[in-house]
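Engineer: Sequence first, then the predicted structure:
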Amino acid sequence: MNKFFCADNSRQLQEDIIGTATNYQTYILVECPTPWTYEALNSKWVPDNLRSLVEEVKRAKMPICFLLIANDQSHRVKETTLLIYQQQKGLIKGYSKQEFKLPNIEKAAGVISKYLAGFNPDYQIESHINRDILICTHGSHDQCCARYGNPFYFYAQNTISDLQLNQVRIWKSSHFGGHRFAPTAIDFPQGRYYGILDQNTFPSILNHSGDIECFNKIYRGWGILPNPLQILEKELILRLGWDWFNYKVTGKILEKSLDNQTILGELSFEQPSGTLYTYQAKLVKDNLKTQTLKVSCHAAQEVVCMKYAVSNLWLVAKKVATYS
């Protein structure tokens, strides 16, 4: 009997991966040694107080994503890193970061509770790290993340070292969706998602250089935008190139047809010069790219993965910055 690998299947079907980034306002990343169980928060190193807090947040339906993270030192270090990435309002480049160094993982729940209640928690530090890249290696959740995620994690570490990117950290991460695109990554503080990563494309993401066309293959979308608008954003990246990563962006869905087949979306972006552009686009269901497939290795049945195409894109406003 052939073993089913969702990532191999997705590649064979040439599934388009854009529009699959998950939208959360807050990411809470807790360092916790591996191995992790299928439900990561049931792993043996996760204390009960943290598990209870996560359940509470879920019940309250707060737009928060909890992830476990680890690196090769996580087993040996005495302290625990806690990272909180929070989405800001308005025109933004990504998320703001708060970093905490805790004496142990048991302290995490108290610090997180304090943060969520609007207070300044203890143990906060200033860090020279300006970028955290999470690679899903959660093989107990989906075998493709072990098969593709683990080797890529080791490769990514070597690449960071070779390029002497001392302000970039690479983490193993628990499941954040899209394992059929393994190896898959989230790049913080931007909050952009990538998949089907390889040795040729990863340096481009790190340095924002090289052939921008690689985004057609590896870009899952930007987590601050609703999924259909992620497709519009990719279109603008391909047109405007790597400069896009210096722009502040905001976006919204203006209209949706009842059957969800047509969407009117809007993206505004501000260049470093202060000039503000607003684009609108009509997004229509792409019948060729919409496919029915199994989204994970152990999925019992196939689901329809709806894809959109930009059928019309136009500039609605340009406001040049005026300095008095």
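Structural biologist: Received it, and whenever you're ready, just let me know what you need. Residues are numbered from 1 along each chain as shown.
Engineer: Residue 155 falls within a helix, correct?
Structural biologist: Yes - assessed with DSSP: H, G, I helix; E, B strand; the rest coil, residue 155 lies in a helix.
Engineer: now it: how far from residue 129?
Structural biologist: Using Cβ to Cβ, to the nearest Å, one gets 20 Å for the distance from residue 155 to residue 129. Bear in mind the C-beta positions are built from the backbone N, C-alpha and C, glycine included.
Engineer: of those two, who's got more company?
Structural biologist: Between residue 155 and residue 129, residue 155 has the larger neighbour count (other Cβ atoms under 10 Å), namely 17 against 13.
Engineer: can you tell me which residues contact residue 221?
Structural biologist: Residues near residue 221 by Cβ atoms under 8 Å, 6 or more residues apart in numbering: 18-21, 192-193, 227, 230-231, 233-234.
Engineer: Put together CSV for those, with secondary structure, pLDDT and distance to residue 116 on each row.
Structural biologist: Below are these laid out as CSV (DSSP: H, G, I helix; E, B strand; the rest coil; pLDDT from 0 to 100; distance: Cβ to Cβ, whole Å):
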residue, secondary structure, pLDDT, distance to residue 116
18, coil, 90, 32
19, coil, 89, 29
20, coil, 89, 27
21, coil, 94, 23
192, strand, 97, 25
193, strand, 96, 24
227, helix, 92, 26
230, helix, 96, 27
231, helix, 94, 32
233, helix, 96, 29
234, helix, 96, 33
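Engineer: Distance to residue 167 and neighbour count for those residues - can I get that in a markdown table?
Structural biologist: Conversion of the contacts of residue 221 to a markdown table gives the following (distance: Cβ to Cβ, whole Å; neighbours: other Cβ atoms under 10 Å):
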| residue | distance to residue 167 | neighbour count |
| --- | --- | --- |
| 18 | 28 | 24 |
| 19 | 30 | 24 |
| 20 | 28 | 22 |
| 21 | 23 | 28 |
| 192 | 17 | 23 |
| 193 | 21 | 26 |
| 227 | 30 | 19 |
| 230 | 27 | 26 |
| 231 | 31 | 23 |
| 233 | 25 | 26 |
| 234 | 26 | 21 |
